[in-house]
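**Student:** Sequence and predicted model, in that order:
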Amino acid sequence: MAENLWLLVVLGGPVILALFFFYVLMRRRKRAEPAERPRGEEATKELYRKDATEGDRTHPPEY
């Protein structure tokens, strides 16, 4: 009996996790409306432009 329980845990756990991840991915994909995508892309481009104008932040400023 204990062997069957461990078999269920070892095989069933990953299957349940995979189904959960698949469910979450499918739900997130449906949320992004086609009208919202260009707005999100434009906001991302604006953030990149803003970061580029601030200069190189990989090195600390020299005083």
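**Tutor:** Good, I have the coordinates. Source: prediction; values computed, not measured.

**Student:** Point out where the chain drops to low pLDDT.
**Tutor:** Residue ranges of the chain with pLDDT under 70: 30-36, 52, 54-63.

**Student:** In it, spot the helix with the most residues.
**Tutor:** helix 2-31 (DSSP state H).

**Student:** after that one, next one along is what?
**Tutor:** helix 36-53 (DSSP states H and E).

**Student:** buried stuff in that next one?
**Tutor:** Buried residues in helix 36-53, counted by 16 or more other CB atoms under 10 Å: none are found. For the C-beta atoms, the positions are set from N, CA and C on the backbone; glycine is no exception.

**Student:** just how off-centre is it within its chain?
**Tutor:** Relative to the centre of its chain, helix 36-53 is centred 18 Å away, using CA atoms, centre = their mean, to the nearest Å.

**Student:** Stretch 40-55 now?
**Tutor:** Counting by CA atoms, centre = their mean, stretch 40-55 comes out at 20 Å from the chain centroid.

**Student:** With just CA atoms, put that stretch into PDB.
**Tutor:** The C-alpha coordinates for stretch 40-55 follow below in PDB (Å, rounded to 0.1, in the frame of the first residue of the first chain):
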ATOM      1  CA  GLY A  40       2.700  48.100 -23.700                       C
ATOM      2  CA  GLU A  41       5.300  48.100 -26.400                       C
ATOM      3  CA  GLU A  42       5.300  51.900 -26.600                       C
ATOM      4  CA  ALA A  43       5.800  52.100 -22.800                       C
ATOM      5  CA  THR A  44       8.700  49.600 -23.000                       C
ATOM      6  CA  LYS A  45      10.400  51.700 -25.800                       C
ATOM      7  CA  GLU A  46       9.900  54.800 -23.700                       C
ATOM      8  CA  LEU A  47      11.600  53.200 -20.700                       C
ATOM      9  CA  TYR A  48      14.500  52.200 -22.900                       C
ATOM     10  CA  ARG A  49      14.800  55.700 -24.300                       C
ATOM     11  CA  LYS A  50      14.700  57.200 -20.800                       C
ATOM     12  CA  ASP A  51      17.400  54.800 -19.700                       C
ATOM     13  CA  ALA A  52      19.600  55.500 -22.700                       C
ATOM     14  CA  THR A  53      19.500  59.300 -22.000                       C
ATOM     15  CA  GLU A  54      20.600  58.800 -18.400                       C
ATOM     16  CA  GLY A  55      24.000  57.500 -19.600                       C
END
